[in-house]
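Peer 1: Following is a predicted model, sequence given first.
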Amino acid sequence: MMGTNKVQVEFFVMSKCPDAKACEDSFLPVLQDLRSLVDLKFTYIGSAEGQEVQCMHGPSECEGDKQRLCIQQVASVEHLICAVSG
């Protein structure tokens, strides 16, 4: 790859979803090895009900999604992967 162009990798997940966990467990070790070549981003799935956000796996999932989004804003890929895999 030339210059600073990196492959954009985005996960659309839910923090308490067992299927998302399996996907993260499979792909994140590879993405960590390729971290110099990828820009990793997580988008968390929920729905808006008026002023409140609803999550499929309950309120603790909404909290987990918020925590991960905050980490994503301020941390490196290594910290983000650690937070997601923990």
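Peer 2: Right, received. Where do you want to start? Residues are numbered from 1 along each chain as shown.

Peer 1: So the closest residue to His79 other than its chain neighbours: helix, strand or coil?
Peer 2: Of all residues not flanking His79 in the chain, Ile71 sits nearest, at 6.3 Å (Cβ to Cβ, 6 or more residues apart in numbering). Placement of C-beta: from N, CA and C, glycine included. Three-state call for Ile71 (DSSP: H, G, I helix; E, B strand; the rest coil): helix.

Peer 1: you'd agree Gln8 is up against Lys41?
Peer 2: Yes - counting by Cβ atoms under 8 Å, Gln8 does reach Lys41; the two are 7.2 Å apart.

Peer 1: quick one: which of those two has more around it?
Peer 2: The neighbour count for Gln8 versus Lys41, taken as other Cβ atoms under 10 Å, is higher for Lys41 (12 against 9).

Peer 1: other SSEs contacting the one helix or strand that one maps to?
Peer 2: Assigned by DSSP states H and E, Lys41 falls within strand 38-44. The elements that strand 38-44 packs onto, with contact taken as 3 or more Cβ pairs under 8 Å, 6 or more residues apart in numbering; DSSP states H and E, are strand 7-13, helix 59-74, helix 77-85.

Peer 1: Serialize those to TSV and add fields for distance to Gln51.
Peer 2: Supplementary listing: these in TSV, determined by distance: least, Cβ to Cβ, whole Å:
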stretch	distance to Gln51
strand 7-13	23
helix 59-74	13
helix 77-85	27
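
Peer 1: If you average pLDDT over each of these, which is lowest?
Peer 2: Among those, helix 77-85 carries the lowest mean pLDDT, a mean of 70.

Peer 1: angle of that one against strand 7-13?
Peer 2: Here helix 77-85 runs at an angle of 20 degrees relative to strand 7-13 (axes from the mean of the first three to the mean of the last three Cα atoms, to 10 degrees).
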